[in-house]
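# 3D model of this:
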Amino acid sequence: MNTFQKGLSSLNKEVEIGSLPIQGQIPIWLSGSLFRNGPAHFMGGHWFDGLAMIHKFSFRHGNVSYTNRFLRTEAYHHVMEAGKQVAGFGSAGTAGGSNNTNVNIMKMDHHFLALTESPGMVEFDPLTLNTIGVYQFQDNIPAHMTTAHPHLDPHSGQLINFTIQFGKTTFYHIYTIDPMTAHRQLIGSIETDRPGYMHSFAITNHYIILLEFPLVIQPMLLKTGKNFTDSLIWKPDQGLRFLVVSKADGKLHRIVESQAGFGFHVINAFEQGKDVVIDACISKEASAVTNLSIDQLTGDSQIGSHPQFKRYILEEGRSVAVEEILSLESIELPSIHYQRYNGQNYRYAYGVSTSLLHPENMDNQLIKIDTRTGESKIWSQEDCYPGEPVFVATPNGTKEDEGILLSVVLSGVQGRSFLLVLDAQTMDEIGRAEVPHHIPFGFHGIYTEEGM
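Residues are numbered from 1 along each chain as shown. Okay, the predicted model is just below:
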């Protein structure tokens, strides 16, 4: 049995714990909450299809409390009350169990929303974690799919995302959300004849960039009861296309091509003169999508889909991107000092990674990569498996990496999880708060001082 197998098993307990045992120290200045999202009840055999659970770690005066709750979605009621298996990313099942929003969390106009790639966002109460319901926008932007990674534009203060509308012609509809009024406004619509599966995208000062991978969605195969991956076909001959869209008028500014690759996550992007630089977690093929069933992850063979840190430079006047690999280490679930450096020239990226000396099918270290030197710093502990590191800046800090990282880590030997606090500059441990049970491997979350 793999020591990380517990992280792919169900957690059905909902608890409230007022104070977790602490080793080391939790910074006194930390006075908000970390919200995490991810699957917690597995039925269909695919990691991505577990029922959504929100986990909340709250910090006050060096103490840490913990609460978790399942989102009471349509999918939850189908599975937990009716005993049905619902169709998902990699699991076939019955229709109707929708809005299993187990991927990410967004804060908008004081609303806390759980997201996935289907258009329905599910609102929850940040104090109790009780489910409020599907959030309704008052507009009619067409959507069959979307991303769970909207961007906050540092210049306009608007949120930016896009939807995919399938039909005889497929459209990417790019829109803004006013975070104070939750009003959506269409920026522009881009036609495509090869709709790519895109989990995230990039923004810079002047552009929105869609990474149209050659992992093509075949709308005719998006049938009720089928799993989503059955509709995907890998067409490496088509290569990767960067659709560079102008923020100002929503028009397609240019298309830049590159060799085939696939990635779930963009790390960051920025403009350098008239060039556009995009950093992303990229694998050479689409096995990152097809090798994530629980049986495959916990099997004896290496799945071989750990992505690399790739930089693409879209030079002015060139139709083919310049490619660089910035680190030999793998990186996934990336984060940066988002509030200050999203869409801007930056230096440091953080993420989970798998050891080059001890590779496993689940990431077993946290990594910090210096994009200017390629050097990396690593935190690891034997038989420990960390989740996405969330960067929290030190109050009044002036340096890009002045802050801490928060990561939920599974101790494979103990079969329990802990919240790890690292110094983001040194990657040294500051402290940890121990949870009395395991937390299944999740995906994304946010730290905020609202919602205590």
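
# Around the closest residue in space to V435 that isn't next to it in sequence, how many other residues sit close by?
Distances taken as C-beta to C-beta, 6 or more residues apart in numbering place S417 nearest to V435, at 4.8 Å, with adjacent residues excluded. Glycine gets a C-beta too; all of them are placed from N, C-alpha and C. When neighbours are defined as other C-beta atoms under 10 Å, S417 has 29 of them.

# a strand runs through S417, doesn't it?
Yes. The assignment for S417 (DSSP: H, G, I helix; E, B strand; the rest coil) places it in a strand.

# And the helices in the protein, which stretches?
74-76, 287-290, 294-298, 338-341 (DSSP state H).

# thought the residue nearest to V435 was touching H438?
Yes. Using C-beta atoms under 8 Å, S417 makes contact with H438 at a distance of 5.4 Å.

# shared neighbours of those two, which are they?
Counting by C-beta atoms under 8 Å, 6 or more residues apart in numbering, the contacts common to S417 and H438 are L410.

# Now find how far off-centre the lowest-mean-pLDDT helix or strand in the chain is within its chain.
Confidence across the helices and strands of the chain bottoms out at helix 287-290, with a mean of 79, counting by mean pLDDT, DSSP states H and E. Computed by C-alpha atoms, centre = their mean, to the nearest Å, the chain-centroid distance of helix 287-290 equals 16 Å.

# Tell me which of the helices of the chain is the most buried.
helix 74-76 (a mean of 21; mean count of other C-beta atoms under 10 Å).

# packing partners for that helix?
Using 3 or more C-beta pairs under 8 Å, 6 or more residues apart in numbering; DSSP states H and E, the elements in contact with helix 74-76 are strand 51-60.

# Mind giving me the packing neighbours of the strand it packs on?
strand 33-41, strand 63-70, helix 74-76.

# quick one on the thing from earlier: what about the residue nearest to V435, distance to M106?
Distance from S417 to M106, counting by C-beta to C-beta, to the nearest Å: 24 Å.

# and if you look at G317?
37 Å.

# before we move on, what about D193?
31 Å.

# try Q296
Here Q296 is placed at a distance of 30 Å from M106 (C-beta to C-beta).

# ditto for G445
Counting by C-beta to C-beta - G445 and M106 are separated by 11 Å.

# do T192 as well
25 Å.

# Which one's more surrounded, those two?
Neighbours were tallied for T192 and for M106 using other C-beta under 10 Å; the higher tally belongs to M106 (21 against 17).

# which residues touch the more buried one?
Here M106 is in contact with F112, L113, L115, M121, P150, L159, I446 (C-beta under 8 Å, 6+ apart).

# likewise I22?
So I22 contacts G62, N63, V64, G431, R432, A433, E434 (C-beta under 8 Å, 6+ apart).

# Name whatever forms a beta bridge with it.
Beta-bridge partners for I22, by DSSP bridges, are A433.

# distance between the ends of stretch 356-370?
18 Å (C-alpha to C-alpha, to the nearest Å).

# Just give me the neighbour total for P359.
14.

# Leaving out sequence neighbours, find the closest residue to it.
For P359, the spatially nearest residue (C-beta to C-beta, 6+ apart) is Q302, at 6.5 Å.

# Surely that neighbour and H358 touch.
No. Under the criterion of C-beta under 8 Å, Q302 is not in contact with H358, lying 11.7 Å apart.

# Low-confidence ranges, this structure, go.
1, 94-97, 223-225, 304-305, 451-452 (pLDDT under 70).
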